[in-house]
Each structure stands twice: as structure tokens, then as C-alpha cells.
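> next come a sequence and a model predicted from it.
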Amino acid sequence: MAILECGINLGNRSLIETKYYSSSDVLEPDLRAGFLSALESFTSEVFGDDINVVSLASLKLVCNCEMIALPGGDDKNIQPLLAYAIIEKETDSDVVKKLLYEILQNFLNRYSINDIFSKKGKFFKKFNARIDNTLGDLKLKTEDRFKSLF
């Protein structure tokens, strides 16, 4: 049970990406961000809902999304701010979903909407420590948790 990777995207742009295990090298960051953005748009338009959990053969993709726009901007510039985690299949998605919600809220409290829309990923690097702190030992596989005890 572990989170293999966690990140935050704005639309089809990757803002933060933290990999905990190399086995999570599924997609290049901007390609993944584009895929998640397209998936979010599709589920929103077709089903009127947000993406929650996408199950694959051996992994799950858990998402939490918040629609944001620049203050005073037009309604056409609303974009999804999406926190995601790639997790092992047996990891509890509900727990991860709550942690992603907390990460998104902390991110929105830490950075202004203007910074989120205008800055590049390098600007948000310091937030990785807060993500690590929020995820706690869920970022470790079971065998790595035991290794840290001995």
C-alpha cells in the first residue's frame, strides 16, 4: 500500500510532480497533465461530474479537482486545478482522496491565484515538502516502512 507519485496540474500544465518510486514512470509530466485535463473535461461535460478514481490493471489514479479562474477574468478562463496520486491497487482511495483535498486547500492558501496561473513549476518546488508531510508514511511501500523500523 503506497502512493507512487503525487502532483498538481493546472489544466494541461504540470505545476508539481513528486515521484516516490521509479515504477511510477508511466507518463511524461506534461503528457499526463494533458491526459488528466482532457479526462476531467470529458467527465464534466458528458456526465456532469468530476473524475475521482481511475483503476488500471495494477495501479489506481486518484484525483481531486477544484475549478479556479483569475479574479475579474471572464468565465471562459476557468481551469481545473487538479491534485492527483498514482497509487498501488490495494491502497485505500478514499484516504488518498481526502489527503489530496487537504493538499489542494493548502496549495490554494499558500499561493495566489495569479501566481498559480502565471508561474512555472519551478516556483512551486518548495511545496513538495508540504506534500510529503501531508502524505506521511503512505508514500512508503510496506517493505520500506518495515526497513525504517529496524
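Good, I have the coordinates. Residues are numbered from 1 along each chain as shown.
> from here on, just use CA atoms for contacts and neighbour counts.
Noted.
> tell me which residues in the helix or strand that contains Ile131 are buried?
Element membership for Ile131 (DSSP states H and E) is helix 127-135. By 16 or more other Cα atoms under 10 Å, the buried positions in helix 127-135 come out as Phe127, Ile131, Asp132, Thr134, Leu135.
> CA atoms of it as CSV?
What follows is helix 127-135, C-alpha atoms only, in CSV (Å, rounded to 0.1, in the frame of the first residue of the first chain):
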residue,chain,number,x,y,z
PHE,A,127,5.6,23.0,-1.8
ASN,A,128,6.9,19.4,-2.2
ALA,A,129,7.9,19.3,1.4
ARG,A,130,4.3,20.1,2.4
ILE,A,131,3.0,17.3,0.2
ASP,A,132,5.5,14.9,1.8
ASN,A,133,4.4,15.9,5.2
THR,A,134,0.7,15.6,4.4
LEU,A,135,1.1,12.1,2.9
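> what packs against that helix?
Applying 3 or more Cα pairs under 8 Å, 6 or more residues apart in numbering; DSSP states H and E, one finds that helix 127-135 contacts helix 93-110.
> contact partners of the helix it packs on?
8, 52-53, 62-64, 66, 82-85, 127, 130-131, 134-135 (Cα atoms under 8 Å, 6 or more residues apart in numbering).
> and stretch 120-139, by the same measure?
Contacts with stretch 120-139, where a contact means Cα under 8 Å, 6+ apart, come from 1-4, 14-16, 18, 20, 99, 102-103, 107, 145.
> now it: mean pLDDT?
Per-region confidence: stretch 120-139 scores 90 on mean pLDDT.
> what number of residues lie near Val96?
When counting by other Cα atoms under 10 Å, one arrives at 22 neighbours for Val96.
> tell me the pLDDT at it?
Val96 is assigned a pLDDT of 92 by the prediction.
> flag the shaky bits of this structure, pLDDT-wise.
Within the chain, the segments meeting pLDDT under 70 span 1, 22-30, 32, 44-51, 73-76, 140-150.
> what helices or strands is the helix or strand harbouring Asp115 leaning on?
In this structure, Asp115 is located in helix 113-118 according to DSSP H and E. Packed against helix 113-118 by the contact rule (3+ Cα pairs under 8 Å, 6+ apart) you find no helix or strand.
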